[in-house]
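# Predicted model, plus sequence, below.
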Amino acid sequence: QVQLVESGGGLVQAGGSLRLSCAASGSIISIRNMGWYRQAPGKQRELVATITDGGSTNYADSVKGRFTISRDNAKNTVLLQMNSLKPEDTAVYYCYAGMVLFTSRNYGASYWGKGTLVTVSS
């Protein structure tokens, strides 16, 4: 199994910045996809950004130009640099890992962290 531990959430004023980090642990050889999703109160969970082990990225339109995702394949970590934050970015942010290859040579489909709260005040 995979354990995903997020950190870096908190309270920030509009226009400010935060950096989220997520570390994956377990008997892991590689992780194909990593990323961040978020869920605001009363809304469905939505994609924020994803990145493959080859470095290909995908962003939600609402965060393009403001957020940057990166990862360290050797350390199985993924970062989300969030700049120019807006009140509408307030949500619980969840780390995601998909297509995980374990030392057993089995694949795991998808795993989620417990989430970290980001609150942006106006």
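Good, I have the coordinates. Because the structure is a prediction, the values reported are computed rather than measured.

# going forward, measure contacts and count neighbours with C-alpha atoms only.
Will do.

# just the strands in this protein please.
For the chain, strands defined by DSSP state E occupy the ranges 3-7, 10-13, 18-25, 28-39, 46-52, 57-59, 67-72, 77-82, 91-102, 107-112, 116-121.

# Burial check on N106, number of neighbours?
By other C-alpha atoms under 10 Å, 11 other residues sit near N106.

# Could you report the pLDDT at it?
Note for N106: predicted pLDDT of 92.

# State the distance from it to W112.
For N106, the distance to W112 (C-alpha to C-alpha, to the nearest Å) stands at 18 Å.

# Mean neighbour count for the strands of the chain - can I get that in TSV?
Compiled in TSV, those are given as follows (neighbours: other C-alpha atoms under 10 Å):
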stretch	mean neighbour count
strand 3-7	19
strand 10-13	15
strand 18-25	20
strand 28-39	21
strand 46-52	20
strand 57-59	17
strand 67-72	20
strand 77-82	21
strand 91-102	22
strand 107-112	16
strand 116-121	20
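
# Contacts only, for G115.
With contacts defined as C-alpha atoms under 8 Å, 6 or more residues apart in numbering, G115 is in contact with 6, 92-95.

# Next one: the nearest residue to it once chain neighbours are set aside relative to N73, how far apart?
Closest residue in space to G115, ignoring its immediate chain neighbours: Y94 at 4.3 Å, by C-alpha to C-alpha, 6 or more residues apart in numbering. Applying C-alpha to C-alpha, the value for Y94 to N73 is 19 Å.
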